[in-house]
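Visitor: Whatever this is, show me its structure:
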Amino acid sequence: MKERVTDFTQGGILGPLMRFMLPVLFAMLLQDLYGAVDLFIVGRFAQTSDVSGVTTGAQIMSLVMNLAVGFSMGVTILLGQQIGRGEREKGGKVVGAGVAFFLIVGTVVSAVMSLSAPAVARMMQAPEEAFGQTVQYIRICGGGAVVVVAFNLIGSIFRGLGDSRTPLMTVAIACVFNIAGDLALVAGLGMGAAGAAAATVAAQLISVALSLAIIRRRPLPFAFSVRDIRPVPAIVRDITRLGLPIAVQSVLVSISFLWIMAIINAISVQASAGMGVANKIISFIMLVPSAFGQSMAAVVAQNAGAKRYDRAMKTLRYGIAVSLGFGAVMSVLSFSFGENLASFFTKDAAVAAGAHSYLKAYAIDCLLTPFLFCLIGFFNGLGKTKFVMAQGITGAFCVRVPASFLLSRLQPVTLFRIGLATPMSTALQILLCFGCLVYVKKRVWDTSGEGINDTACR
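Guide: From the prediction side, this is the model:
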């Protein structure tokens, strides 16, 4: 079987970028699809309290997911830079150290989430009538956090090798089993939020097991054995140096959205469910810029390793241009047809109207995130993950959270006003990213574009 490794340091840029991005996009689409299936089936076969429990619990689990994705991005960047430098033979040790490290992290997170589920639900101000369902969802999904970590690590390893099709395969497997589990546990047995959570964890566990069996038969561009699975301190430090800032930024940004969720939960159960439905739609709306952001990191990492910064800049421009065109279409759909989209996930007219109100604010963000996500992916690929962390935290806690709180005090309270805090934050983050980009180009890269000071905007 032929190994799947792509060299992004030579030849055309847009074509290879699109071929790499599309499987990433489809993988994210499938991942959001089985999350949407949870909400769709719970919305159709359970109560509004179950919908609220799933949406609040899903916000918590997105924090765990972001932790896993952020840390594992360190493996993607490290492998990509090694391939760009022509050091493929070191890949086996990186993969082995990553597996050992993430196994430890996943086990700890699983234990913490299982034990703290009631406290987390109280912190989120889960509505009283949905409190039990929220705790069930968090406890079941949180207990399977080690599976979530393994699921994301597999994808990160292969994206670092320039292979985005294998992660698509792992997500497709999980999607099929999750849909089957939802139909059996929620629609069939009436288990509500608990059934949706159990189906999600079981699907990812099956996906990881089958994916590992398939991967064992696939040749890798480096030697790898069970003996390599050990936490080599130097490699773990490199993975942590690159991945920890991304993980911290992702977790803190997720916390800022959880804060907004808590503010809205205090309004009413209908508002809570409405925001949950809107967030599920938003996850689809943001797919293209998110896919370009993830792809940008892998492509730029190889070019950074090869010191081809001219190609890295062209990759950034192509990513922004393509994702901005898609964002304009999504902006129109969100603003004008948000209630129709929300009605697909809920039969409650008040919930659908609330979701549309929130989506109108996100119509603005649709025009901003193509810039932000591509810039974040670009800086991640360069290894400037500390700057990415700084700008993300600044946007979240200097703008998004305080603005959400202040806007929620205005009467009458609307989800549209609260939602405006997000594009306000995005605008500030874009300004910070462009400022760092100008600094790097003028003060750090030499005139030929072939040198860079690794401390810049770090």
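Visitor: Tell me where the stretch 51-200 of the chain has helices.
Guide: Along the stretch 51-200 of the chain, counting by DSSP state H, counting those that start in this stretch, helices occupy 91-115, 117-123, 131-143, 145-160, 165-182, 192-215.
Visitor: so the longest one versus helix 145-160, what angle?
Guide: Calculated by axes from the mean of the first three to the mean of the last three CA atoms, to 10 degrees, helix 91-115 forms an angle of 150 degrees with helix 145-160.
Visitor: Among the helices of the stretch 51-200 of the chain, single out whichever gets nearest to Ser52.
Guide: Of all those, helix 131-143 sits nearest to Ser52, with 7.2 Å by CB to CB. Placement of C-beta: from N, CA and C, glycine included.
Visitor: If you count contacts, what does that closest one end up packed against?
Guide: helix 48-84, helix 91-115, helix 117-123, helix 192-215 (3 or more CB pairs under 8 Å, 6 or more residues apart in numbering; DSSP states H and E).
Visitor: Next, the angle helix 48-84 makes with the second one.
Guide: Put plainly, it is helix 91-115. 160 degrees.
Visitor: Next, the angle helix 131-143 makes with helix 91-115.
Guide: Going by the same axes, to 10 degrees, helix 91-115 makes 160 degrees with helix 131-143.
Visitor: go on, the last one?
Guide: Here the directions of helix 192-215 and helix 131-143 differ by 10 degrees (the same axes, to 10 degrees).
Visitor: so after helix 192-215, what's the next helix or strand?
Guide: Sequence order places helix 233-265 as the next helix or strand after helix 192-215, per DSSP states H and E.
Visitor: Can you give the distance from that next one to the centre of its chain?
Guide: 11 Å (CA atoms, centre = their mean, to the nearest Å).
Visitor: Check Asp365 and give its pLDDT.
Guide: In this model, Asp365 is scored at 90, pLDDT.
Visitor: Dump the helices and strands packed on helix 131-143 to CSV, plus mean neighbour count, mean pLDDT and distance to Val147.
Guide: Listed next are the helices and strands packed on helix 131-143 as CSV, based on neighbours: other CB atoms under 10 Å; pLDDT from 0 to 100; distance: least, CB to CB, whole Å:
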stretch, mean neighbour count, mean pLDDT, distance to Val147
helix 48-84, 27, 76, 10
helix 91-115, 19, 81, 8
helix 117-123, 17, 81, 17
helix 192-215, 21, 82, 5
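Visitor: Out of those helices, which gets nearest to Met424?
Guide: Comparing the helices and strands packed on helix 131-143 by CB to CB, helix 48-84 comes nearest, at 20.2 Å.
Visitor: what is the orientation angle of that closest one with helix 233-265?
Guide: 150 degrees.
Visitor: What segments of the stretch 351-458 of the chain are helices?
Guide: 369-382, 385-395, 401-409, 415-419, 421-439.
Visitor: Could you say which of those is packed most deeply?
Guide: Most buried of the helices of the stretch 351-458 of the chain, by mean neighbour count (mean count of other CB atoms under 10 Å): helix 369-382, with a mean of 26.
Visitor: Point out the one among the helices of the stretch 351-458 of the chain that comes closest to Ala111.
Guide: Here helix 385-395 is closest among the helices of the stretch 351-458 of the chain (CB to CB), at 25.8 Å.
Visitor: what packs against that closest one?
Guide: Helix 385-395 packs on helix 48-84, helix 233-265, helix 369-382, helix 421-439, going by 3+ CB pairs under 8 Å, 6+ apart.
Visitor: want to try a markdown table for those, with distance to Val146 as columns?
Guide: Listed next are these as a markdown table, based on distance: least, CB to CB, whole Å:
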| stretch | distance to Val146 |
| --- | --- |
| helix 48-84 | 10 |
| helix 233-265 | 16 |
| helix 369-382 | 25 |
| helix 421-439 | 31 |
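Visitor: hang on, the earlier thing: out of the helices and strands packed on helix 131-143, flag the one nearest Ile41.
Guide: helix 192-215 (7.1 Å).
Visitor: chain center to that closest one, what's the gap?
Guide: 18 Å.
Visitor: ok, the most centrally placed residue in the chain to Gln82 distance?
Guide: Nearest to the mean C-alpha position of the chain, by CA atoms, centre = their mean, lies Asn66 at 5.5 Å. Distance, Asn66 to Gln82, by CB to CB, to the nearest Å: 25 Å.
Visitor: quick revisit: in TSV: the helices of the stretch 51-200 of the chain, plus distance to Asn303.
Guide: Shown next, in TSV, are the helices of the stretch 51-200 of the chain (distance: least, CB to CB, whole Å):
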stretch	distance to Asn303
helix 91-115	18
helix 117-123	41
helix 131-143	37
helix 145-160	14
helix 165-182	21
helix 192-215	26
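Visitor: where are the low-confidence patches of the stretch 351-458 of the chain?
Guide: 443-458 (pLDDT under 70).
Visitor: circling back: out of the helices and strands packed on helix 385-395, nearest to Ala291?
Guide: Nearest of these (CB to CB): helix 369-382, 8.8 Å.
Visitor: In terms of secondary structure, what does the closest one contact?
Guide: So helix 369-382, by 3+ CB pairs under 8 Å, 6+ apart, packs with helix 48-84, helix 287-305, helix 309-343, helix 385-395, helix 421-439.
Visitor: could you give the angle of the first one to helix 369-382?
Guide: Same thing as helix 48-84. Going by the same axes, to 10 degrees, helix 48-84 makes 40 degrees with helix 369-382.
Visitor: How far does helix 48-84 sit from its chain's centre?
Guide: 5 Å.
Visitor: now the fourth one
Guide: With CA atoms, centre = their mean as the basis, the distance from the averaged C-alpha position of helix 385-395 to the chain average is 16 Å.
Visitor: May I have that helix exported as CSV, CA atoms only?
Guide: The C-alpha trace of helix 385-395 is given here as CSV (Å, rounded to 0.1, in the frame of the first residue of the first chain):
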residue,chain,number,x,y,z
THR,A,385,1.7,29.5,19.0
LYS,A,386,2.3,31.8,22.0
PHE,A,387,1.1,34.8,19.9
VAL,A,388,-2.0,32.8,18.8
MET,A,389,-2.7,32.1,22.5
ALA,A,390,-2.3,35.8,23.4
GLN,A,391,-4.6,37.2,20.7
GLY,A,392,-7.2,34.5,21.4
ILE,A,393,-7.3,35.3,25.1
THR,A,394,-7.3,39.0,24.5
GLY,A,395,-10.3,38.8,22.2
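Visitor: Could you list which residues are in contact with Leu30?
Guide: Leu168, Val171, Ala172, Ala174, Cys175 (CB atoms under 8 Å, 6 or more residues apart in numbering).
Visitor: Next: Val69.
Guide: Val69 touches Asn152, Ser156, Ile246, Ala247, Ser250, counting by CB under 8 Å, 6+ apart.
Visitor: Could you check how far the fourth one is from Leu185?
Guide: Applying CB to CB, one obtains 31 Å for the distance of Ala247 from Leu185.
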